[in-house]
Each structure stands twice: as structure tokens, then as C-alpha cells.
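J.: Give me a 3D structure for the following:
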Amino acid sequence: MRKLAVVALGGNALLRGNQVGTIEEQEQNSLDTCKSLLKLIDDGYEIVITHGNGPQVGNILLRNEAGYNQFKIPKMPIDICVADSQGGIGYMIERQFVNVLSETNTKKNVITLVTMVLVDKNDPAFENPSKPVGQFYLKEEADLLAKANNFIFKEDPRKRGWRRVVASPKPINIYNNDIIKRLLEEGNIVIASGGGGIPVHKHANNYLEAIEAVIDKDLAAALLARQIGADAFFILTDVPNVFINFNKPEQKKLEVITVGEAKKYYEEGQFAAGSMGPKILAAIDFVENGGRETIITDSNELGNPNCGTRIIK
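T.: Residues are numbered from 1 along each chain as shown. The predicted structure follows:
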């Protein structure tokens, strides 16, 4: 029996916090990440990779605005922008993984799938848009953009400015999950559900409607892991472990915790909504619905025995 794993790459896998996002930076980061992921393959896992797209889709939205303002190029909706980022990021990871496999004489194919994800257009999230997209603006700029485009803006909790927010509905189904599983079982590396997937709503007559929203990438990855029957779910971020009382004198590293403990810490407010909170919810979702364990760690820790924070039943 092959071991199956879903690996959710955080934004730092492609773009570090102190970088501007040049293609050279992103390609080097992709290469380094793929080298780390090779350790999972050496451990006997067949892997499907999901990834974030926050900085990249933000830049696509900026190009949208600049192209329209300067040349009157028609703006594209968010679903098309997410699809653009899926293709571009998937290609970058795929090419660098092929390079890593070539260096190590590892015989595997790497396949990128542009992935739709089913959501419900009546999801309560549409009544309270909360997912930040794009760049930061001054309050005056945000007010003008909101009036001109019917956008909604909210102030950043860290007071860095105002950002557009869109709905973040719950993912219901990952399209082509059966094909993804089959490709994995045949020994291929699959890149799918990038940026949380492209949100679509299914009508009673099976017509698929594009939806202006952004799906949480970790929740979508957890759903994919459940649907393919993955043994493990890896959430890669920029810290080696999850902590409680983070950045306080009583800070404590978490190594192995149960779902019950994870829920308790979450309800205590130990995990910030914009960073570790969604990862903990995704970890809980996977383990509660049949998964063996979720591992939250930095990619550099992969291959180390008992790396990261492990959430189990």
C-alpha cells in the first residue's frame, strides 16, 4: 500500500517576507521547497501539493487595475485571476520539481491541474466578506475605489492600511479528486487546488457559475486530503512548530496534541485569525474526518523524526 499525503505550501514557500516577488526569487524559493519535499518521497509518500497565491493574485489584481486605468483593458473577475495564479505557480513548482527529480535520478512525472472547487453561493460568508486580497491602500484611496467599483475594504489589524476583502465560503467538493487520487496511486506528483481552488456554484441543472470569492487554501487542502483518503496532511509554514502564548514570556512549543487540545487552544484565542488560526481549523477538520495526523511545520524540518506539531485523534 502506498502512503498518500497532501502538502499545503504556505506563501513563504514561494515568496519570503522580505522579498519583492521577482521571478528569480520565486523560482529559487520553489526550488528550495521542492528539495525539501523530496524528503517525503524518500519516506515513502506519494504527494499532492497545494499552494497559496496571496501575493501573486494580489499582483494580478494590480495589473487588472493598471491595465484598465491606462489602456482600458477589460478587467478580469477574481475567479479568472485565481485560475491565472494557479497556472503560473503550478508551472513554476512543476518545472523546479522536475529539475530536482532529474538531479537525483528519481523517475516520477509531475502534473499540474487547474482545479475548480464547489461552494454554495448562499454560504453566510457572502454576507460578511473577510478575506483580504490585493495591496494596502490609504483610507482615502480605499474609499474612492470602493465607490468606483462597489468593493468592500477593511482596515488591516496591524494598521498597515486598508485592503479589499471578499467572501471566503466553505469548500464543499474538490473537482477531479478521483483523478488526483488515481494519478497519485500511479506514482505521479500532482499539484492541485492552488490558492484554495477556483470557486464555482452548481445550479440545479448542473450549470457551473463562476463566483467572486477566495477559498481558504488550508481548508480546501484538508478537504482534498479527506476525499483522496490521505494518510497524512502536511501544512508547511514559516515556523518549525505551533506555539501557544506566542511571543510572550510563557511561550510554549506544541509537539503532539489531540484534536480536543487543539480545539481548546483555538477557543482560548491562542491562534491568530490571519495566520495560524485557519491552519489549526484545517488540521482539526482532516483528523476529525478520518485522517491519521496533521503535521504543521517548516519545510526545512521535513525528514526529521517527529518534526513539527502533530495533531492526532
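
J.: In this structure Gly195 contacts His51, no?
T.: Yes - counting by C-beta atoms under 8 Å, His51 is a contact partner of Gly195 at 7.1 Å. In this view, the C-beta of every residue, glycine as well, is placed from N, C-alpha and C.

J.: Name the residues contacting each of the two.
T.: Contact criterion C-beta atoms under 8 Å, 6 or more residues apart in numbering; residues shared by Gly195 and His51: 89, 217.

J.: Which elements pack onto the host helix or strand of Phe233?
T.: Assigned by DSSP states H and E, Phe233 belongs to strand 232-237. Strand 232-237 sits against strand 3-9, helix 217-227, helix 276-288, strand 293-298, with contacts defined as 3 or more C-beta pairs under 8 Å, 6 or more residues apart in numbering; DSSP states H and E.

J.: Tell me the gap between the third one and the middle of its chain.
T.: Once both centres are worked out by C-alpha atoms, centre = their mean, to the nearest Å, helix 276-288 turns out to sit 13 Å from its chain's centre.

J.: Tell me, how many residues neighbour Asn29?
T.: 21 (other C-beta atoms under 10 Å).

J.: Just the pLDDT at it, thanks.
T.: According to the prediction, Asn29 has pLDDT 92.

J.: Please apply the same query to Asn12.
T.: Value listed for Asn12 in the pLDDT field: 66.

J.: roughly how far apart are Leu118 and Pro169?
T.: 10 Å (C-beta to C-beta, to the nearest Å).

J.: Over to Lys154?
T.: For Lys154 relative to Pro169 (C-beta to C-beta), the value is 17 Å.

J.: Show me the contact partners of the strand holding Phe233.
T.: Contacts of strand 232-237 (C-beta under 8 Å, 6+ apart): 3-10, 12-13, 33, 40, 45, 218, 221-222, 225, 276, 279, 282-283, 286, 291-299, 302.

J.: what do you get for stretch 77-90?
T.: Against stretch 77-90 from outside (C-beta under 8 Å, 6+ apart): 14, 51, 53, 56-57, 60-61, 64, 76, 112-115, 133, 166, 191, 194-200, 210-214.

J.: in it, what's buried?
T.: By neighbour count on 16 or more other C-beta atoms under 10 Å, the buried set for stretch 77-90 is 78-79, 81-86, 88-90.

J.: Can you give the distance of that stretch from its chain's centre?
T.: Centroid separation for stretch 77-90 versus its chain: 13 Å, with C-alpha atoms, centre = their mean.

J.: pull the CA atoms of that stretch into CSV?
T.: The C-alpha trace of stretch 77-90 is given here as CSV (Å, rounded to 0.1, in the frame of the first residue of the first chain):
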residue,chain,number,x,y,z
PRO,A,77,-13.0,38.7,-12.3
ILE,A,78,-11.4,37.1,-9.3
ASP,A,79,-12.1,33.5,-10.5
ILE,A,80,-10.1,34.2,-13.6
CYS,A,81,-7.3,35.8,-11.5
VAL,A,82,-7.2,32.7,-9.3
ALA,A,83,-7.0,30.5,-12.4
ASP,A,84,-4.2,32.6,-13.7
SER,A,85,-2.2,32.3,-10.5
GLN,A,86,-2.9,28.5,-10.3
GLY,A,87,-1.4,28.0,-13.8
GLY,A,88,1.6,30.3,-13.2
ILE,A,89,2.5,29.0,-9.8
GLY,A,90,1.8,25.4,-10.7
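
J.: Give me the mean pLDDT for that stretch.
T.: Throughout stretch 77-90, pLDDT has a mean value of 96.

J.: Please shift the residue numbers so they start at 872 in all later answers.
T.: Yep, numbering from 872; the last one is stretch 948-961 now.

J.: and whatever helix or strand Asn900 lives in, what other elements does it pack with?
T.: Taking DSSP H and E as the criterion, Asn900 maps to helix 894-913. Applying 3+ C-beta pairs under 8 Å, 6+ apart, we find helix 894-913 packed against strand 874-880, strand 916-922, helix 949-974.

J.: Taking their axis directions, it and strand 1103-1108 sit at what angle?
T.: Interaxial angle, helix 894-913 versus strand 1103-1108 (axes from the mean of the first three to the mean of the last three C-alpha atoms, to 10 degrees): 150 degrees.

J.: Pull the CA coordinates from helix 894-913 and hand them back as PDB.
T.: Extracted as PDB, the C-alpha positions of helix 894-913 are listed here (Å, rounded to 0.1, in the frame of the first residue of the first chain):
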ATOM      1  CA  ILE A 894      10.600  35.700 -10.800                       C
ATOM      2  CA  GLU A 895      14.200  34.900  -9.700                       C
ATOM      3  CA  GLU A 896      13.200  35.000  -6.000                       C
ATOM      4  CA  GLN A 897      10.100  32.900  -6.500                       C
ATOM      5  CA  GLU A 898      11.900  30.300  -8.700                       C
ATOM      6  CA  GLN A 899      14.700  29.900  -6.100                       C
ATOM      7  CA  ASN A 900      12.200  29.500  -3.300                       C
ATOM      8  CA  SER A 901      10.300  27.000  -5.300                       C
ATOM      9  CA  LEU A 902      13.400  25.000  -6.000                       C
ATOM     10  CA  ASP A 903      14.400  25.000  -2.300                       C
ATOM     11  CA  THR A 904      10.900  23.900  -1.300                       C
ATOM     12  CA  CYS A 905      10.900  21.100  -3.800                       C
ATOM     13  CA  LYS A 906      14.200  19.800  -2.500                       C
ATOM     14  CA  SER A 907      12.600  19.700   1.000                       C
ATOM     15  CA  LEU A 908       9.600  17.800  -0.300                       C
ATOM     16  CA  LEU A 909      11.800  15.200  -1.800                       C
ATOM     17  CA  LYS A 910      12.300  14.000   1.800                       C
ATOM     18  CA  LEU A 911       8.700  13.000   2.000                       C
ATOM     19  CA  ILE A 912       9.100  10.900  -1.200                       C
ATOM     20  CA  ASP A 913      12.100   9.300   0.300                       C
END
